[in-house]
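Peer 1: Quick check, what structure comes out for this input:
(chains A and B)
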2 protein chains.
Amino acid sequence: MNLDFVFSPQSLAVSGVSANPESLTNRNFFQPLLDFGYQGRIYPVNPNLTELSGLRAYPTVLDIPGPVDAAVCAVPAHLSIDVMRQCAQAGVKAVTCFTAGFSETGEAEGQQLENKLVEVARSGNVRIIGPNCLGVHHPAVGLTFESGASKKRGNVALLSQSGGNTRELLLVGARRGIEFSKVISYGNASDLNEADFLEYFAQDPNSLVIGAYMEGIKEPRRFLHALRGLEGRKPVVILKGGRTSAGARAVVSHTSSLAGDQQVWDAMCRQTGCTQVDNLPELADSLLAFSMLKSPRGRRVGILGIGGGATVLAADDCEKAGLIVPPFPVEIRQELAQFTPAAGTGLLNPVDTSSDVYWEPVLFAESARIIARYEGIDMIFVMFATFQAVRRGVEALRSQIEAILEVGAEIDKPLLIVLFTAGLLEGEKVAEDVNPLFVDAGFPVFPTFQRAAKAVDRFMIYPRNRDS
Amino acid sequence: MNLDFVFSPQSLAVSGVSANPESLTNRNFFQPLLDFGYQGRIYPVNPNLTELSGLRAYPTVLDIPGPVDAAVCAVPAHLSIDVMRQCAQAGVKAVTCFTAGFSETGEAEGQQLENKLVEVARSGNVRIIGPNCLGVHHPAVGLTFESGASKKRGNVALLSQSGGNTRELLLVGARRGIEFSKVISYGNASDLNEADFLEYFAQDPNSLVIGAYMEGIKEPRRFLHALRGLEGRKPVVILKGGRTSAGARAVVSHTSSLAGDQQVWDAMCRQTGCTQVDNLPELADSLLAFSMLKSPRGRRVGILGIGGGATVLAADDCEKAGLIVPPFPVEIRQELAQFTPAAGTGLLNPVDTSSDVYWEPVLFAESARIIARYEGIDMIFVMFATFQAVRRGVEALRSQIEAILEVGAEIDKPLLIVLFTAGLLEGEKVAEDVNPLFVDAGFPVFPTFQRAAKAVDRFMIYPRNRDS
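Peer 2: Numbering: from 1, shown residues only, chains lettered A, B, ... in the order given. Reported below is the predicted structural model:
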């Protein structure tokens, strides 16, 4: 099914806005549309308002002159049936139902309310997103629920049953350069569900990588079929919420989902070449790798860093994750030794360079060049420890980074960055300053070797990359 | 052997200081002694200086009037033999040899130099720490190599072959409330080695938890014997560098260590009830848990947080790590439901509370109290998402936290905090602001449920905690 009417409406009614700019509905829906410059018409709906932020407000959707393609329903649950009925009458095609208090409450009343909502929508040819969700983020048309998200049009599609997790991924993505094409937070999936969105993203030419946070499956056959169709075409990365017994209980009260049998779930992912991850940071890491990383020819990594213990652990992290850190031959070591002192360094791979080389951009870049030239490695990891850079200043670090980015642009092997902060605020501040340099140049940045290596391992397992 | 002469010298010569305050020796040794208010006498040693920061400087150690208990040797490797000889003549008992360029270079020359250094020291009854190390951090006497470390006297001893990793743990510890009793960075372990330090820490009444970053073992029998003696007395947490083939290669060039057979290593840890961890953050997490956490009676966790998806994943993280998140009985849910709305919440454990309750300190604390009262759980995890708190302001968050800390002080079950920043700078800033509230009150803080749960799992596996 073509869901353009969901993702690219030309007009949007927001029911439940308030005069208070800090109200949940204003913050989640009205204000973000203004911040993103939504390209369609915005109709605030509230019987007590005549105007909001310079836009005319209407008592009900039925009072809006002209067509209304889509609506957000953010009124209390017991009022939402009326709003849905009005939307149906007004010819609205898609309603994002933000309101919670339906089937996920586990109460008969909530279940009946959700049944009624669906019934009213179906009889009026309205499709529901949710309830209990944030709906659509589509930067190309300026439609969003999160002002802090990136406005760039990216290539990563995301479907998610959790509004909070989606918001977090959007914010993390904006920092790390994970740029989204279309995102849907779909909550209880009372009507449109995972299969609808996956099928749509499968056909979307702007979506080349697909991420998912899922708590259950409404239509397993359709979903599996869509996954099969995507195999080898577009990577799909799934984080499954509710894999444990406590998690399975929690997804019932969160989105009234049935967590399902985890072995069946695993088999489905295995059979379709789908990447499973264990938590949100890993989901972000994998989406970053799939959307930004050049395919390495193999699993052999060259590591350039500083610090004896730090590079030992970097090598361990890479090999524990299934990558290979081969020793450099004597020629490569000799080239490095021409300007790297022998004392307090290591040149075997990992390279633990000297402080003099590390802080001299020309020499640091030359080290990376020599390593990248070695035919025995397929990619190069360069480590920057920002918490140690505090004393030297951001400018010195910037010079190093720029020199490395030049090397990255010259070589045909993937270059990955580990920007290590040790979780210390001073390091985080420096990282925030320099991170855009990497993102803008298109090089993926990871906070630790462990996470970088795991993301690369998963990237390499994906058939298209493995075979290349 | 009593190593008080290493850790509590009454006078210390620093050989290799310079007029340049930014020199490595000044930054690593001289300045930190001033910053920490070292209680003994400091003797700067450099033939070209007569004074440094108001202290009289001496051409050599031999020129210092009065006894010199210990020295730091930070001159180039080829000059260190002479310095060692002078230290021997001057009756210095312990020399921290910072200088690198010895056996770890893998060159015959470096090996010979190290042999010579040891020979000169032995014949003069001097004990060597290192070479290729940072030496002693002992806050009780103001002896340190890291000005950013905490000055508090703690109960965690640390032995480490990597100066950089030690420094990182000190900085992370200062933030997270891991307070150290005595720390030793011992590099190549040419003379004093892991067994000496472990035996000493075993007898030290101020060291109740022992951490280690090790790349090899010089004296496996003595070390094993010391571990056996510690079993059930003091927890020992070890991070082994060089577990993979690339890591094993790297430890040779870092500290000329033999990584050894990992299965033998694992067996040793298993037999002695020693906790092994996989990386530095996990080492910090475990040291924090062992030094700060009250023993829970069992593995059953009550989770209080906000966000449907976030609490689903929190429950999954806990159970994946081997903890149990049991469902609350109807009475507990009813108590919570008295002030928690039904829509958009979950009360089954994990508790996904409403925004109104979360931001109302009295109600949030009452939620924690109700959960803690339930006899079916052994500990309580409370989640704060600082990146979401940015809009509400730090003061509002502080009120919530203070209310929770009151509950923590009332109850006899351990309370753990997950202070979740999503890696976003705004969240990190807020976390930095409020983190001391928890640390000062003695409650351990973890950045994710995954890391909290893993640390608790390891804590519970430790025999003393398991049996209690």
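Peer 1: Tell me which residue of the stretch 51-200 of chain A lies closest to chain B.
Peer 2: Closest contact between the stretch 51-200 of chain A and chain B, by C-beta to the nearest C-beta, is at A:Ser162 (2.5 Å). Using the backbone N, CA and C atoms, a C-beta is placed for each residue, glycine as well.
Peer 1: Distance of that residue relative to B:Gln39?
Peer 2: 55 Å (C-beta to C-beta, to the nearest Å).
Peer 1: now do A:Thr25
Peer 2: To B:Gln39, A:Thr25 is 62 Å away according to C-beta to C-beta.
Peer 1: the more surrounded of those two?
Peer 2: Regarding A:Thr25 and B:Gln39, a neighbour count based on other C-beta atoms under 10 Å in any protein chain shown identifies A:Thr25 as having more, with 22 against 14.
Peer 1: Contact partners for that one?
Peer 2: Residues in contact with A:Thr25, defined by C-beta atoms under 8 Å, 6 or more residues apart in numbering or on different chains, are A:Val14, A:Gly16, A:Val17, A:Ser18, A:Val72, A:Ala74, A:Phe98.
Peer 1: could I get these as JSON lines with secondary structure and pLDDT?
Peer 2: Below are the contacts of A:Thr25 laid out as JSON lines (DSSP: H, G, I helix; E, B strand; the rest coil; pLDDT from 0 to 100):
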{"residue": "A:Val14", "secondary structure": "strand", "pLDDT": "98"}
{"residue": "A:Gly16", "secondary structure": "coil", "pLDDT": "95"}
{"residue": "A:Val17", "secondary structure": "coil", "pLDDT": "96"}
{"residue": "A:Ser18", "secondary structure": "coil", "pLDDT": "94"}
{"residue": "A:Val72", "secondary structure": "strand", "pLDDT": "98"}
{"residue": "A:Ala74", "secondary structure": "coil", "pLDDT": "96"}
{"residue": "A:Phe98", "secondary structure": "coil", "pLDDT": "96"}
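Peer 1: count of residues packed around the nearest residue to A:Arg153 once chain neighbours are set aside?
Peer 2: Spatial nearest neighbour of A:Arg153, excluding adjacent residues (C-beta to C-beta, 6 or more residues apart in numbering or on different chains): A:Ala140 at 4.9 Å. A:Ala140: 16 surrounding residues under other C-beta under 10 Å.
Peer 1: do A:Val382 as well
Peer 2: A:Val382: 28 surrounding residues under other C-beta under 10 Å.
Peer 1: try A:Asn2
Peer 2: Around A:Asn2 there are 10 other residues, counting by other C-beta under 10 Å.
Peer 1: Give me the secondary structure label for A:Leu62.
Peer 2: What DSSP: H, G, I helix; E, B strand; the rest coil gives for A:Leu62 is helix.
Peer 1: That one contacts A:Gln86, doesn't it?
Peer 2: Yes - A:Leu62 is within contact range of A:Gln86, at 5.0 Å (criterion: C-beta atoms under 8 Å).
Peer 1: of these two, who's got more company?
Peer 2: Using other C-beta under 10 Å as the criterion, A:Leu62 and A:Gln86 rank with A:Gln86 on top: 23 against 13.
Peer 1: Please report how far that one lies from A:Val126.
Peer 2: 10 Å.
Peer 1: swap in A:Val141?
Peer 2: As judged by C-beta to C-beta, A:Val141 and A:Val126 stand 20 Å apart.
Peer 1: okay, these two: which has more neighbours?
Peer 2: When A:Val141 and A:Val126 are compared for neighbours, A:Val126 comes out ahead with 24 against 19, by other C-beta under 10 Å.
Peer 1: so who does that one touch?
Peer 2: Counting by C-beta under 8 Å, 6+ apart, A:Val126 makes contact with A:Met84, A:Cys87, A:Ala88, A:Val92, A:Lys93, A:Ala94, A:Val95, A:Val120.
Peer 1: name the helices or strands packed onto the helix or strand containing the second one?
Peer 2: Put plainly, it is A:Cys87. Counting by DSSP states H and E, the element that carries A:Cys87 is helix A:77-90. Applying 3 or more C-beta pairs under 8 Å, 6 or more residues apart in numbering or on different chains; DSSP states H and E, one finds that helix A:77-90 contacts strand A:70-73, strand A:94-97, helix A:108-123.
Peer 1: Let me know the next secondary structure element after the longest one.
Peer 2: Put plainly, it is helix A:108-123. Counting by DSSP H and E, the element after helix A:108-123 in chain order, helix or strand, is strand A:127-129.
Peer 1: List the contacts of that next one.
Peer 2: A:5-6, A:84, A:93-97, A:117-118, A:121, A:135-136, A:184, A:186-187, A:190-192.
Peer 1: Emit the PyMOL select command for whichever of the residues you listed are buried.
Peer 2: Selection of buried members from those for PyMOL, criterion 16 or more other C-beta atoms under 10 Å in any protein chain shown:
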select buried, chain A and resi 6+84+93+94+95+96+97+117+118+121+135+136+184+186+187+190+191+192
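Peer 1: So A:Leu34 sits against A:Ser53, correct?
Peer 2: Yes - contact status for A:Leu34 versus A:Ser53: in contact at 6.4 Å, counting by C-beta under 8 Å.
Peer 1: how about the residues of the stretch 101-250 of chain A near chain B?
Peer 2: Counting by C-beta under 8 Å from any C-beta of the partner chain, the residues of the stretch 101-250 of chain A close to chain B are A:101, A:105, A:107, A:110, A:132, A:160-166, A:168, A:171-172, A:175, A:213, A:215, A:241-247, A:249-250.
Peer 1: my read is A:Asn48 is in a helix, agree?
Peer 2: No - going by three-state DSSP, the assignment for A:Asn48 is coil, not a helix.
Peer 1: In a strand, A:Arg175, correct?
Peer 2: No - counting by three-state DSSP, A:Arg175 is not part of a strand but helix.
Peer 1: how much space is there between A:Asn46 and A:Val72?
Peer 2: Taken as C-beta to C-beta, the span from A:Asn46 to A:Val72 is 12 Å.
Peer 1: overlap in contacts of these two?
Peer 2: Shared contacts of A:Asn46 and A:Val72 (C-beta under 8 Å, 6+ apart): A:Ser15, A:Gly16.
Peer 1: can you list the weak-confidence ranges in the stretch 151-300 of chain A?
Peer 2: Within the stretch 151-300 of chain A, no stretch falls below the threshold (pLDDT under 70).
Peer 1: Can you flag the buried ones in the residues of the stretch 101-250 of chain A next to chain B?
Peer 2: Buried members of these, scored by 16+ other C-beta under 10 Å, are A:101, A:105, A:110, A:132, A:160-166, A:168, A:171-172, A:175, A:213, A:215, A:241-247, A:249-250.
Peer 1: Which ones among these map onto helices?
Peer 2: Mapping those onto helices (DSSP state H) picks out A:110, A:163-166, A:168, A:171-172, A:175, A:245-247, A:249-250.
Peer 1: which of these sit farthest apart?
Peer 2: By the measure C-beta to C-beta, A:Gly110 and A:Arg175 form the most distant pair in these, at 36.7 Å.
Peer 1: Can you get me a residue count around the nearest residue to A:Ala90 once chain neighbours are set aside?
Peer 2: Of all residues not flanking A:Ala90 in the chain, A:Val61 sits nearest, at 4.7 Å (C-beta to C-beta, 6+ apart). Close neighbours of A:Val61, defined as other C-beta under 10 Å, add up to 25.
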